[in-house]
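Asker: What follows is a predicted structure for the sequence shown.
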Amino acid sequence: AQSVTQLDSHVSVSEGTPVLLRCNYSSSYSPSLFWYVQHPNKGLQLLLKYTSAATLVKGINGFEAEFKKSETSFHLTKPSAHMSDAAEYFCVVSGSGRGTYKYIFGTGTRLKVLA
Amino acid sequence: DTGVSQDPRHKITKRGQNVTFRCDPISEHNRLYWYRQTLGQGPEFLTYFQNEAQLEKSRLLSDRFSAERPKGSFSTLEIQRTEQGDSAMYLCASSSQTVNTEAFFGQGTRLTVV
């Protein structure tokens, strides 16, 4: 079975400082991995996705994530936080056809950006 | 705007009543998903369709829940005899059949059972 674990339920950073949101995955085979963001009262928006083409993935709004198979991790980073980054972030794994096409969500990390 | 539409956006119902939600996916997408999200939690998978076939259902989906996608386009999710524990945001998503593709989510239907 596939799963993702988001290691921090809440992260607080000061504006202009780096962001690190941690995600570990479990999968019997090479997964597809995604990060989604959810702003208050807004829908889920895709930030970036890993699909085995490159281990360092760049997404929107300056976010990037690195796939590390040896550590089964897919951490999300941003060099400099902006107030508008405050939101809930979800790490997601998909089997992408290997028995299932469903997307499995982590429990989320709420990012707070302090002025 | 992701292109996935859900209706209604909000629904307040009395316990014991039946409710039905509708989802219109992105037109060229043949996969459609339903999720439930409660406050402070990540979306939980309920079920998904490929065209009109319902291929997988979560064990979370009790007998009171039923989903349909009769013509492979829009889908409905019905909850019978609603309970207070059914109060949640119900999310619909769609995706294409391309390998490793992402899902596109609608804004959701917020259900409150009183």
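Answerer: Yes, it's here. Residues are numbered from 1 along each chain as shown, chains lettered A, B, ... in the order given.

Asker: C-terminal to the least confident helix or strand in chain B by mean pLDDT, what's the next element?
Answerer: Among the helical and strand segments of chain B, the one scoring lowest on mean pLDDT, DSSP states H and E is strand B:53-57, with a mean of 92. Remark: after strand B:53-57, the chain's next helix or strand is strand B:65-68, criterion DSSP states H and E.

Asker: Each with direction, which strands does that next one pair with?
Answerer: Strand pairing for strand B:65-68, using DSSP bridges, gives strand B:75-79 (antiparallel).

Asker: about what we covered before: list the buried ones in the least confident helix or strand of chain B?
Answerer: Neighbour-count burial for strand B:53-57 flags residue B:56 (criterion: 16 or more other Cβ atoms under 10 Å in any protein chain shown). The C-beta positions use only the backbone N, C-alpha and C, and glycine is treated the same way.

Asker: Next up, phi/psi of the residue lying farthest from the centre of chain B, please.
Answerer: With distances taken as Cα atoms, centre = their mean, the residue sitting farthest from the centre of chain B turns out to be residue B:99, at 22.4 Å. Here is the backbone geometry of residue B:99 (degrees, to the nearest 10): phi -60, psi 140.

Asker: can you tell me how far it sits from chain A?
Answerer: 6 Å (Cβ to the nearest Cβ, to the nearest Å).

Asker: could you check the distance from the residue nearest the centre of chain A over to chain B?
Answerer: Centrality entry for chain A: nearest residue to the mean C-alpha point is residue A:35, 3.4 Å, by Cα atoms, centre = their mean. Distance, residue A:35 to chain B, by Cβ to the nearest Cβ: 10 Å.

Asker: Residue A:106 reaches residue A:4, doesn't it?
Answerer: Yes: using Cβ atoms under 8 Å, residue A:106 is in contact with residue A:4, at 4.2 Å.

Asker: who's in contact with the nearest residue to residue A:48 once chain neighbours are set aside?
Answerer: Closest residue in space to residue A:48, ignoring its immediate chain neighbours: residue A:59 at 2.8 Å, by Cβ to Cβ, 6 or more residues apart in numbering or on different chains. By Cβ atoms under 8 Å, 6 or more residues apart in numbering or on different chains, residue A:59 lies in contact with A:35, A:46, A:47, A:48, A:49, A:65.

Asker: and if we set it to 10 Å?
Answerer: Neighbour list for residue A:59: A:34, A:35, A:37, A:46, A:47, A:48, A:49, A:65, A:76, A:78 [criterion: Cβ atoms under 10 Å, 6 or more residues apart in numbering or on different chains].

Asker: name the element the residue nearest the centre of chain B belongs to?
Answerer: Centroid-nearest residue in chain B, with Cα atoms, centre = their mean: residue B:34, separated by 3.2 Å. Using DSSP H and E, residue B:34 maps to strand B:31-37.

Asker: how about that strand: buried residues?
Answerer: By 16+ other Cβ under 10 Å, the buried positions in strand B:31-37 come out as B:31, B:32, B:33, B:34, B:35, B:36, B:37.

Asker: now check that strand, is it near chain A?
Answerer: Yes: Strand B:31-37 lies within reach of chain A by Cβ under 10 Å from any Cβ of the partner chain, at B:31, B:33, B:35, B:37.
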